[in-house]
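Q: Return a 3D structure for these sequence lines:
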Amino acid sequence: MSATERDTTGPVTGPPSDLEYARTLAALRERVKELDCLYAITRLSQRHDLAPDALLSGVAAILVRAWQYPEIARARVSVDGREARSHRGGRPVSRQTSPVLVDGEPAGEIEIAYLEARPPCDEGPFLAEERHLLNAVADHLGRIVAARKAGERLRELSRELIRAQEAERQRIARELHDGAAQDLSGLRLALDALAGRLESGRSADPRALAATVRELGAGLGQSIASLRDLSYDLLPPALAQLGLAETVNRLCQDYAARHGLVVECYADGLEAGSRNFETDINVFRVVQEALANACRHAAATCVTVRLVASYPNLIVRVRDNGRGFVPETRLPEALAAKHMGLWSMGERVRLLGGTLRIRSKPGQGTSIVAEVPLAREG
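A: Coordinates of the predicted model:
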């Protein structure tokens, strides 16, 4: 077969026409504009100094540059009641929108509009790629807003944690100063007086001397007891020695004695192997906080505490017969009022990889159920 025959029977190829080249170059330019748009919005989101209004205004200004006809394009961005526009005035001829979701919930909308008519494409005068870009920007903006909200919540909780730490330090300082420190100061004065009487020979009666010493010993015993109570609140020493079940049982007995409550404590299966200290101390704090809430807020007269080791979880149930509340409204109110007890219970359980459920109704008491993994030592 000759070369001429091969040329005429094979596919005919050649350089692209000027029109094809121009179309390809225009498409590439559009794709570059789209990539620049996403990159610019990402860079904008990294500026943590920007206020929410400035962020939305920046997104709107970036968006119009990425569309096929930027000279007649207008952008409107709204999130959480805030709105920003790339330009003012002008009546849209055509528009396309995409919702902004924050944590899966509708929070706003992005709108791109043309102020003049243009030839029809895939979606009115808009390209299919522009629809994809608009959806991608809306999704990206939703993630940015969610991250900012999470960061603000984290900063607020960090501030509350610092305040709680300072309040706890002040409480300990007051208890030491008003309790043990004053008792010990009084004992020291009494001992100094006793030493003066002995030196002067005014305490020759052994029985009177013994009575004085016994009084001083009783005062010292009260000081030791108050220091032990304070130390127990900070870290129960029996937790490592006796285990979670016995420590919680002693806590329940102490609350019953101090507050005049009926506190029933049941434990099942906890003797079968030891858990790690992190699990035990956090579960203990959850029970401690639940008992404190039953006494302080619920005005309960009876509380039941159950600890059940049901592999693979440890189930903790605390039930009281107090006044109850509406969890859906009380939990946000507690956070707003800087009451961190309920929040700290949930955080402790989540740190252990577990779940916390709070069920309550006004006048029907409160039930708290925590389930945490049965982590074991060794």
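Q: where along this protein do the strands fall?
A: 73-79, 82-85, 94-102, 105-114, 262-268, 302-310, 313-320, 355-360, 366-373 (DSSP state E).
Q: Within the sheet, what are the partner strands of the first one, with directions?
A: Meaning strand 73-79. Partner strands and pairing direction for strand 73-79 (DSSP bridges) are strand 82-85 (antiparallel), strand 105-114 (antiparallel).
Q: ok, and what's touching that strand?
A: Outside strand 73-79, the residues that touch it by Cβ atoms under 8 Å, 6 or more residues apart in numbering are 52, 56-57, 59-61, 63-64, 67, 83-87, 90, 92, 100, 102, 107-115, 141, 145. Every C-beta, even on glycine, is put in place using the N, C-alpha and C of the backbone.
Q: let's see it at 6 Å
A: For strand 73-79, contacts defined as Cβ atoms under 6 Å, 6 or more residues apart in numbering pick out 56, 59-60, 63-64, 67, 84-87, 100, 107-113, 145.
Q: ok, now the shortest one?
A: By Cβ under 6 Å, 6+ apart, the list of residues contacting strand 82-85 from outside reads 52-53, 56-57, 60, 76-77.
Q: what stretches of the stretch 101-250 of the chain score poorly on pLDDT?
A: By pLDDT under 70, the weakly predicted segments of the stretch 101-250 of the chain are 201-204, 232-233.
Q: which residues of it fall in helices?
A: Under the criterion DSSP state H, counting those that start in this stretch, the stretch 101-250 of the chain contains helices at 128-175, 182-200, 206-234, 238-242, 244-259.
Q: Need the CA coordinates for the shortest one. PDB is fine.
A: Translated: helix 238-242. Written as PDB, here are the backbone C-alpha positions of helix 238-242 (Å, rounded to 0.1, in the frame of the first residue of the first chain):
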ATOM      1  CA  ALA A 238     -10.400   5.900  99.200                       C
ATOM      2  CA  LEU A 239     -10.800   5.800  95.400                       C
ATOM      3  CA  ALA A 240      -7.500   4.200  94.800                       C
ATOM      4  CA  GLN A 241      -7.600   2.000  98.000                       C
ATOM      5  CA  LEU A 242     -11.200   0.800  98.100                       C
END
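Q: Tell me the buried residues in stretch 249-259?
A: By neighbour count with 16 or more other Cβ atoms under 10 Å, stretch 249-259 contains the buried residues 249-252, 255-256, 259.
Q: just stretch 79-93 next, same as before
A: 79, 84-86.
Q: and of those, the nearest to residue 328?
A: residue 79 (24.8 Å; Cβ to Cβ).
Q: what's the nearest residue to that closest one if we skip its chain neighbours?
A: Nearest residue to residue 79, sequence neighbours excluded (Cβ to Cβ, 6 or more residues apart in numbering): residue 108, at 3.6 Å.
Q: and the residue lying closest to residue 117 once chain neighbours are set aside, what does it touch?
A: Nearest residue to residue 117, sequence neighbours excluded (Cβ to Cβ, 6+ apart): residue 93, at 5.3 Å. Neighbouring residues of residue 93 by Cβ under 6 Å, 6+ apart: 114, 116-117.
Q: please redo it, this time with the cut-off set to 8 Å
A: Residue 93 neighbours (Cβ under 8 Å, 6+ apart): 113-117.
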